[in-house]
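Colleague: Mind folding the following:
(one chain, ligands or ions: 1)
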Amino acid sequence: MIQLDKVTKTFGNKTALDSLSINLPKGEIYGLLGSNGAGKSTTLSLLLGFIRPDHGSVRLDGMDPFDRPSRTRKSIGYIAENVSLYPYLSGLENLDYFCRIAGLRYPKSKLSATLSECGLPSTSHDLPLSGYSKGMRQKVGIAIAYAKNATVYLLDEPASGLDPAANLELSQLLQKLARQGATILIASHDLLWAKETCDQLGILRDGKLMGEYAALETSIGKLEKTYLDFMKQPDVPYAGDHKK
Ligand SMILES: Nc1ncnc2c1ncn2[C@@H]1O[C@H](COP(=O)(O)OP(=O)(O)OP(=O)(O)O)[C@@H](O)[C@H]1O
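Modeller: This is a model prediction of the structure:
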């Protein structure tokens, strides 16, 4: 569960987040949409406990990630845009290595089953990461979080640079994790992919949440128009499909 309550964060005289509130229950996927500089990475940094808000509160499974970083990071799977893994180790060896760092030792069969569960075919498990596509590396990143029993997944621009088939596989994997109870927050520029993947969508502009939408209840055309209108005229409220 992710709760941001009236969070404000400034860097010098720049307001990166302005009274941002997001309530994301367990088992749901939230797409945080916004252009460059909207405040998406700042939101992820707050949830990872790297920075603390100037005002407002941040809670992850009920805990403050800044005050209890080691506890909350245990439950977070963070998948960066370019997942950092060891290129000369295989998928299996990378998974084993990162599990051991987290204090977890699994037999090879369990590691292999985890990679398969996250969509990596068994023929790839023993191959070096240097031959993996971006989508496959992301799946290893997600497998690491899955093996650590993460309850919260934070993803930064996961769809960028993936082909349509990889995008679809990633959506399906994240939806499966959500059905199993994971809480997932995704920062993205990709409106269509986010709409197809997420339950809720929030549009962020200059650190302000301009609107929240239930993905199933809005069309991509309306979402795109709303997004572009907000980017041009931030104070014009959108009349339809509002979640609240
Ligand atoms: N450490 C920092 N010091 C100064 N300004 C910062 C810092 N971090 C973020 N900012 C500023 O805060 C605002 C929000 O930045 P943030 O990186 O959160 O946006 P973003 O939505 O993630 O953008 P992008 O899509 O380009 O990654 C920007 O104006 C940025 O320049």
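
Colleague: What residues sit buried inside the longest helix along the chain?
Modeller: Selection of the longest helix in the chain by residue count, based on DSSP state H, yields helix 164-179. Neighbour-count burial for helix 164-179 flags 166-167, 169-171, 173-175, 177-178 (criterion: 16 or more other CB atoms under 10 Å). (C-beta placed from N, C-alpha, C; glycine too.)

Colleague: now the least confident helix or strand in the chain by mean pLDDT, how far from the chain's geometric center?
Modeller: Sorting the helices and strands of the chain by mean pLDDT, DSSP states H and E puts helix 69-74 at the bottom, at a mean of 84. The gap between where helix 69-74 is centred and where its chain is centred comes out at 17 Å by CA atoms, centre = their mean, to the nearest Å.

Colleague: immediately after that helix, which helix or strand?
Modeller: Per DSSP states H and E, helix 69-74 leads on to strand 76-79 as the next helix or strand towards the C-terminus.

Colleague: What is the least confident helix or strand of the chain packed up against?
Modeller: Applying 3 or more CB pairs under 8 Å, 6 or more residues apart in numbering; DSSP states H and E, we find helix 69-74 packed against no helix or strand.

Colleague: Run through who's touching it.
Modeller: With contacts defined as CB atoms under 8 Å, 6 or more residues apart in numbering, helix 69-74 is touched by 48-49, 60-61, 63-65, 102, 148.

Colleague: hmm, 7 Å instead?
Modeller: With contact meaning CB atoms under 7 Å, 6 or more residues apart in numbering, helix 69-74 is reached by 49, 60, 63, 65.

Colleague: Disregarding flanking residues, what is the spatial nearest neighbour of F66?
Modeller: If the residues on either side of it in the chain are set aside, F66 comes closest to R52, at 4.1 Å by CB to CB, 6 or more residues apart in numbering.
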